[in-house]
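>>> Kindly return the folded structure for what I paste below:
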Amino acid sequence: MLRKLFTAALVAATTSLAPVHAAPPALEIGYLPILPDAQLFVALEEGTLQAKGAPAPKLVQFQSGPALTQALLAGQLDVAYVGIGPALVASAKGAGIKVVASNIVEQVNVVALGALAPYFASGDPATAFARFAKDKGRKPVIASYPKGAVPEAALQYWLRNRLKADPASLDLIYQGEAQIQQSLLTGAIDGAAILEPTVTTVLTRLPQSRVVARGSQLFPNQPGAVLLVRDKLIAEHPEAVQQLVDAQVAATALLRDDPARTAAHVQKYVGGGRLDRALVEKAIRNSHDQFVADPHAIVDATAELQTFQASLGTVDTATVDVKRLFDTRFYDKAKQP
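Numbering: from 1, shown residues only. Alright, predicted model coming up:
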């Protein structure tokens, strides 16, 4: 009898010493309403983002990566779907965060409108901007996301390291995605570094426009949007992080394998819900090879991006230990479709 009582007490004591994670709180999730964050939208609509019974997440929409960065630095957000550029900036400034999965790679395209496009079709592309300026009497106006955002970095990398064009041969302006699309459609600018579905929208509505450089030409293996979480969330609720990464892997596979199904989900969040579903589906199909969840695939390119942005002055110095910015354990354990 005494032995049974002792055994029961020992089991109870052992159980009490085991780590116990409190029920996860309602996650505050920051995101941009753009196609590179498509995994979030698919996971939300498929009901895989969180475990059954978990509190509904609080979604916080931002219009730019730098704005989301400020929220991270202010201690807001548990989770964010954002470009790797803002993630580097936030980490360098002390935000305790980890990248646990990739969303997309090589997603930036440079589109030129009818007046500029022919200069890339004939002659040396490196002198296209200068030849346009000589003929038109003005520099071409090219739009990009704000400084520090991934599309801006990819454009700058292409101009300087790939195309080797003179940066002074064009006027570069900074706008949000919606503004860039409007500027392109009204002819207020001559070209832009943009993402899907804006690429498909512009090419459909302006048949004379052309993609003059794709992601692989701009910045090979360029990291795009990522899934990042707070260090605190990893420490206190690793099971919630694992659920997020499992959902990320499943959503990535679904985007690649079933664009028609995922288009209905993405349409609700991108373009204010006003985009035609067929256009969204086409944009997803065009991005098939770019949807990549594996964080291992972007570690080296992230280090290269950081070094390049430091050379531009976009980040103060290349101070982030990129390998420590990534936590790949959850992806390595993730359920593969």
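
>>> Can you tell me what sits against the strand or helix carrying Ala192?
Ala192 belongs to strand 191-194 when elements are defined using DSSP states H and E. By CB atoms under 8 Å, 6 or more residues apart in numbering, the residues outside strand 191-194 that reach it are 108-113, 116, 140-145, 151-152, 154-155, 177, 180-181, 183-184, 202, 212, 218. (Glycine included, C-beta is placed from N, CA and C.)

>>> Output it as PDB, restricted to C-alpha atoms.
The C-alpha coordinates for strand 191-194 follow below in PDB (Å, rounded to 0.1, in the frame of the first residue of the first chain):
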ATOM      1  CA  GLY A 191       7.900  51.800 -65.700                       C
ATOM      2  CA  ALA A 192       8.100  50.200 -62.300                       C
ATOM      3  CA  ALA A 193       9.400  47.300 -60.200                       C
ATOM      4  CA  ILE A 194       6.200  45.500 -59.200                       C
END
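
>>> what sits up against whichever helix or strand comes after it?
Moving toward the C-terminus from strand 191-194, the first helix or strand encountered (DSSP H and E) is helix 198-205. For helix 198-205, the external contacting residues (CB under 8 Å, 6+ apart) are 109, 111, 177, 180-181, 184-185, 194, 209-211, 275, 279, 282-283, 286.

>>> Of these, keep whichever come out buried.
109, 111, 177, 180-181, 184, 194, 209-211, 275, 279, 282-283, 286 (16 or more other CB atoms under 10 Å).

>>> Taking those, tell me the two that lie furthest apart.
Arg210 and Leu275 (21.5 Å; CB to CB).

>>> quick one: the strands in the stretch 101-250 of the chain?
With DSSP state E, counting those that start in this stretch as the criterion, the stretch 101-250 of the chain has strands at 109-112, 141-144, 171-174, 191-194, 210-213, 225-230.

>>> Relative to Ala80, which of those strands is closest?
From the strands of the stretch 101-250 of the chain, taking CB to CB, the stretch that ends up closest is strand 225-230, at 5.2 Å.

>>> From the contact counts, what lies against the closest one?
Strand 225-230 sits against strand 79-83, helix 84-92, strand 97-102, helix 238-257, with contacts defined as 3 or more CB pairs under 8 Å, 6 or more residues apart in numbering; DSSP states H and E.

>>> Just the CA trace of the last one, in PDB.
The reference is to helix 238-257. Written as PDB, here are the backbone C-alpha positions of helix 238-257 (Å, rounded to 0.1, in the frame of the first residue of the first chain):
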ATOM      1  CA  PRO A 238       6.200  26.500 -29.700                       C
ATOM      2  CA  GLU A 239       3.200  24.400 -30.600                       C
ATOM      3  CA  ALA A 240       1.500  27.600 -32.100                       C
ATOM      4  CA  VAL A 241       4.600  28.300 -34.100                       C
ATOM      5  CA  GLN A 242       4.700  24.700 -35.400                       C
ATOM      6  CA  GLN A 243       1.000  25.000 -36.400                       C
ATOM      7  CA  LEU A 244       1.800  28.200 -38.300                       C
ATOM      8  CA  VAL A 245       4.700  26.600 -40.200                       C
ATOM      9  CA  ASP A 246       2.700  23.400 -40.900                       C
ATOM     10  CA  ALA A 247       0.000  25.700 -42.400                       C
ATOM     11  CA  GLN A 248       2.600  27.600 -44.400                       C
ATOM     12  CA  VAL A 249       3.900  24.400 -46.000                       C
ATOM     13  CA  ALA A 250       0.400  23.100 -46.800                       C
ATOM     14  CA  ALA A 251      -0.700  26.500 -48.200                       C
ATOM     15  CA  THR A 252       2.400  26.700 -50.400                       C
ATOM     16  CA  ALA A 253       1.700  23.300 -51.900                       C
ATOM     17  CA  LEU A 254      -1.900  24.300 -52.500                       C
ATOM     18  CA  LEU A 255      -0.900  27.500 -54.300                       C
ATOM     19  CA  ARG A 256       1.300  25.500 -56.600                       C
ATOM     20  CA  ASP A 257      -1.000  22.600 -57.200                       C
END
